[in-house]
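Visitor: build me a model from this:
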Amino acid sequence: MGEGINVQKEFFQELKTKLPSNLSMANVVADELNISIDSAYRRIRGESDLSLKEFDILASKFSISADAVLSKTHNAVNFNYRRINYDGYSFESYFNSLT
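Guide: Residues are numbered from 1 along each chain as shown. Model (predicted):
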């Protein structure tokens, strides 16, 4: 389970920051994934793997970026870029749009 569990635990740490303090993470996970509370606890503790579909459901619901989670466990830096549209778009226009 090694590295995968670190990503899963990091994901649930991020999810915890998104939840109001009056909500139980296990209840929210169980409700959103349509699984039992026990199954939700096993995923939260890392005893059961979170499927990619389950990850997508929770990440979408709570606006959690996969990049944000993965960068914490893989020493990565994420950034956004502006794509250059080559049709009638000059480098000068591109550089001016950065300001």
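
Visitor: flag every buried residue along the lengthiest helix in the chain.
Guide: Assignment by DSSP state H gives helix 2-18 as the longest helix of the chain. Buried residues in helix 2-18, defined by neighbour count with 16 or more other Cβ atoms under 10 Å: Val7, Gln8, Glu10, Phe11, Phe12, Glu14, Leu15. In short, each C-beta sits where N, CA and C put it, glycine included.

Visitor: from the residues you listed, which is closest to Asn96?
Guide: Glu14 (35.8 Å; Cβ to Cβ).

Visitor: thought the closest one was touching Ala68?
Guide: Yes: Glu14 lies in contact with Ala68 (Cβ atoms under 8 Å); the separation is 6.7 Å.

Visitor: in which helix or strand would I find Asn96?
Guide: Using DSSP states H and E, Asn96 falls within helix 91-97.
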